[in-house]
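Student: Build me a model:
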Amino acid sequence: MKKLFDTDGKIFMGAQRNPNNCRVGLFGVPYDGTTSFRPGTRFGPAAIREVSQGLESYCPQLDRDLDDIAFADLGAVEIPFGAPQPVVDAVLNATQTVLALGLKPLMLGGEHSISSGAVAAVAAKHPDLVLLQLDAHADLRETWLGARHSHACAMRRCLDVLPSGDLLQLSIRSGTREEFLELRRSGRLITNAQTLETALIPWQDRPLYLTVDLDWFDPSVLPGTGTPEPGGYDWHDFADVVDVLKRHRLVGADVVELAPQLDSSGVSSVLAAKVCRSLLLLLGSDQPDAQ
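Tutor: Predicted structure coming up:
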């Protein structure tokens with residue numbers, strides 16, 4: 001793969017390095033170059049892999065086991081230092097490579113600015129792609145601190161590369177007045193999993209990409225993130241989202257904004273790894289569950 005991926009370091013529990021005969025391709029992007037508050041998300045992918053070894057491979061909620069699916073951990077994307085645009089381009093290239101291997105991509109961040117590269121690649125393969133965002137923040141700024149590819153602009157940049165323009169933003173609780181005005185006028189703001197289920201009914205057969213900014217969770221259960229926002233959600237809320245997603249065509253996902261050094265207990269990393277386990281099992285399944 002011409003050093004597209006660095007394969008040194010830990011591997012996610014149950015994964016293999018060789019992508020042959022796999023369904024899902026997991027890769028990390030250790031980048032936090034536009035972080036505006038507390039840095040450290042560059043350590044997120046390695047921390048998720050490290051603590052994944054302590055999880056069970058079986059998920060009782062989904063009644064599925066990682067041992068029953070073949071998935072590859074391709075390593076960390078080789079990224080340049082400095083400005084975010086070349087990093088987004090590297091993520092685009094990496095995701096295209098994963099798709100060319102016949103795999104569904106699961107990207108571990110890193111900060112949220114990287115998501116537009118992955119979304120662009122998946123949307124090129126699936127032009128009718130629907131994007132679902134779990135996040136504390138709207139991320140709809142055009143620029144932030146002079147950067148178009150700031151993590152505060154993540155969804156604006158995703159909209160730039162999403163041909164369908166179909167974005168749902170679940171339980172956003174922080175943003176500017178202008179961002180919330182746009183959220184409400186556009187109808188993209190979804191309040192809970194039950195509302196999400198209704199919102200997705202017209203798009204039942206459409207491919208879906210999920211981006212999970214871990215600050216969607218409340219700081220009481222996940223303090224290890226760069227921009228914590230009180231008033232968030234717990235594991236049971238995420239499980240409700242998983243119950244909705246298992247009835248849809250999930251074709252790609254990312255999990256971003258874990259800053260593990262900000263949580264000395266390590267619980268934030270464990271929760272992030274468990275989110276990844278659920279997404280691996282959803283991406284690795286044959287068909288959506290029946291309604």
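Student: The protein: helices as residue ranges?
Tutor: 44-52, 84-100, 115-125, 154-160, 177-186, 193-200, 235-245, 267-283 (DSSP state H).
Student: would you turn those helices into JSON lines with mean pLDDT and distance to residue 5?
Tutor: In short, each C-beta sits where N, CA and C put it, glycine included. Output for the helices of the chain, formatted as JSON lines (pLDDT from 0 to 100; distance: least, C-beta to C-beta, whole Å):
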{"stretch": "helix 44-52", "mean pLDDT": "98", "distance to residue 5": "12"}
{"stretch": "helix 84-100", "mean pLDDT": "94", "distance to residue 5": "7"}
{"stretch": "helix 115-125", "mean pLDDT": "98", "distance to residue 5": "14"}
{"stretch": "helix 154-160", "mean pLDDT": "95", "distance to residue 5": "23"}
{"stretch": "helix 177-186", "mean pLDDT": "95", "distance to residue 5": "35"}
{"stretch": "helix 193-200", "mean pLDDT": "93", "distance to residue 5": "33"}
{"stretch": "helix 235-245", "mean pLDDT": "97", "distance to residue 5": "27"}
{"stretch": "helix 267-283", "mean pLDDT": "98", "distance to residue 5": "17"}
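Student: now for those, which one comes closest to residue 70?
Tutor: Distance to residue 70, taken as C-beta to C-beta, is lowest for helix 267-283 among these, at 10.7 Å.
Student: chain center to that closest one: distance?
Tutor: Distance, stretch centre to chain centre, for helix 267-283: 10 Å (C-alpha atoms, centre = their mean, to the nearest Å).
Student: related to what we said a few turns ago, TSV for the helices of the chain, including mean neighbour count and distance to residue 208?
Tutor: Output for the helices of the chain, formatted as TSV (neighbours: other C-beta atoms under 10 Å; distance: least, C-beta to C-beta, whole Å):
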stretch	mean neighbour count	distance to residue 208
helix 44-52	25	22
helix 84-100	21	15
helix 115-125	24	10
helix 154-160	22	13
helix 177-186	13	18
helix 193-200	16	8
helix 235-245	17	7
helix 267-283	23	10
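Student: Nice, that's everything, thank you.
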